[in-house]
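Student: My questions are about this predicted structure, shown below with the sequence.
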Amino acid sequence: MDVLPQESLETIRRAKSIIFLTGAGISNESGIPTFRGEGGLWKNFRAEDLATPGAFQKNPELVWEWYDWRRNICKNAKPNPGHLTIANWQKKSNSVSLITQNVDGLHPRAGSESIIELHGNIFRVRCTNCSAKFHLEQVGLDHPGLKFCKHCESLLRPDIVWFGEEYDQTLLTKSWELCKQSQIVFVIGTSANVSVPAQLALTAIRNGALGIEINPAETNLTTSMKHHFGGKSGEVLPKIWNEVFPNEPLD
Ligand code: OAD
């Protein structure tokens, strides 16, 4: 599909609540590897060794080495037109919410201000003892290797939701509420293999939202969507913007 039908364009223009739900694919054009599929991180690394509480307990040096490497990739990456289109949309209207599975910090760097980062943020750390949270750069801890708490000197860990861990309940409750009320849900660059984000998208659809998926591949959400764009989000999203707001060029 190249363009949205007139009826859907009108529904988007009138919508009082729009959700963008993003996954690793939106950052792929910025040079950040996805997790599954060709070149995906989980093809070359075992999640059990790197992204579980048990892995961190067993070998924190290895886990930190992996996150330091990934953080460096994220730091050197730049937001692409996909991130920038969403940031423009949020600036234009306060009826637009962004829920992301990404920890790479590219949405905030694109200018999105209100973001639910469901899986955490790779630039943030949390103390394994006192639970204090820090932004690595702000406390001068943006170095490779183990890092220790400024308050209690215990080991710090990435502030990321690992396999087998619970989501932040406040963020989750807010996400369910937003999805239940939404009139449009854009599902972008996610394989929908992780159940909570996939369920969030389905909740929106079951509550009447018009679903638009942007992903070069089909996913197990595709059949629930009204529209599927099989292209790259950095190309498709600006096109959709131009169709919805023909007289308003993107910043
Ligand atoms: P995946 O790696 O599972 O899926 C990425 C999706 O992006 C695939 O469906 C691709 O087809 C699609 N894709 C690739 N390039 C794209 C592009 N340019 N435009 C649009 N789509 C594109 O990533 P997620 O679904 O985000 O968890 O993975 C979910 C979670 O699994 C991640 O947040 C991560 C991982 O374990 C944590 O790190 C906690």
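Tutor: Done, it's in. Numbering: from 1, shown residues only.
Student: can I see the domain layout of this protein?
Tutor: 1-32+79-119+167-251, 35-76+122-160 (automatic domain parsing).
Student: Export these as JSON lines, with columns for mean pLDDT.
Tutor: Shown next, in JSON lines, are the domains of the chain (pLDDT from 0 to 100):
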{"stretch": "domain 1-32+79-119+167-251", "mean pLDDT": "97"}
{"stretch": "domain 35-76+122-160", "mean pLDDT": "95"}
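Student: most packed of the ones you listed?
Tutor: domain 1-32+79-119+167-251 (a mean of 19; mean count of other CB atoms under 10 Å). In short, each C-beta sits where N, CA and C put it, glycine included.
Student: touching the ligand at all, it?
Tutor: Yes. Using CB under 6 Å from any ligand atom, domain 1-32+79-119+167-251 reaches the ligand at 23-26, 28-29, 101, 103, 119, 189-191, 193-194, 214-217, 219, 232-233.
Student: so how far is that domain off the chain centroid?
Tutor: Here domain 1-32+79-119+167-251 is found 10 Å from its chain centre; the criterion is CA atoms, centre = their mean, to the nearest Å.
Student: Kindly export stretch 130-143 (C-alpha atoms) in PDB.
Tutor: Output of stretch 130-143 as PDB, limited to C-alpha atoms (Å, rounded to 0.1, in the frame of the first residue of the first chain):
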ATOM      1  CA  CYS A 130      19.300   1.300  47.100                       C
ATOM      2  CA  SER A 131      17.400   1.400  43.700                       C
ATOM      3  CA  ALA A 132      18.600   5.000  43.100                       C
ATOM      4  CA  LYS A 133      18.600   5.900  39.400                       C
ATOM      5  CA  PHE A 134      21.100   8.000  37.500                       C
ATOM      6  CA  HIS A 135      21.700   9.200  34.000                       C
ATOM      7  CA  LEU A 136      25.200   7.900  33.300                       C
ATOM      8  CA  GLU A 137      26.500  11.000  31.600                       C
ATOM      9  CA  GLN A 138      25.100  13.400  34.300                       C
ATOM     10  CA  VAL A 139      27.000  11.600  37.100                       C
ATOM     11  CA  GLY A 140      30.200  11.100  35.100                       C
ATOM     12  CA  LEU A 141      29.800   7.400  35.000                       C
ATOM     13  CA  ASP A 142      29.800   7.000  31.200                       C
ATOM     14  CA  HIS A 143      32.900   4.800  31.200                       C
END
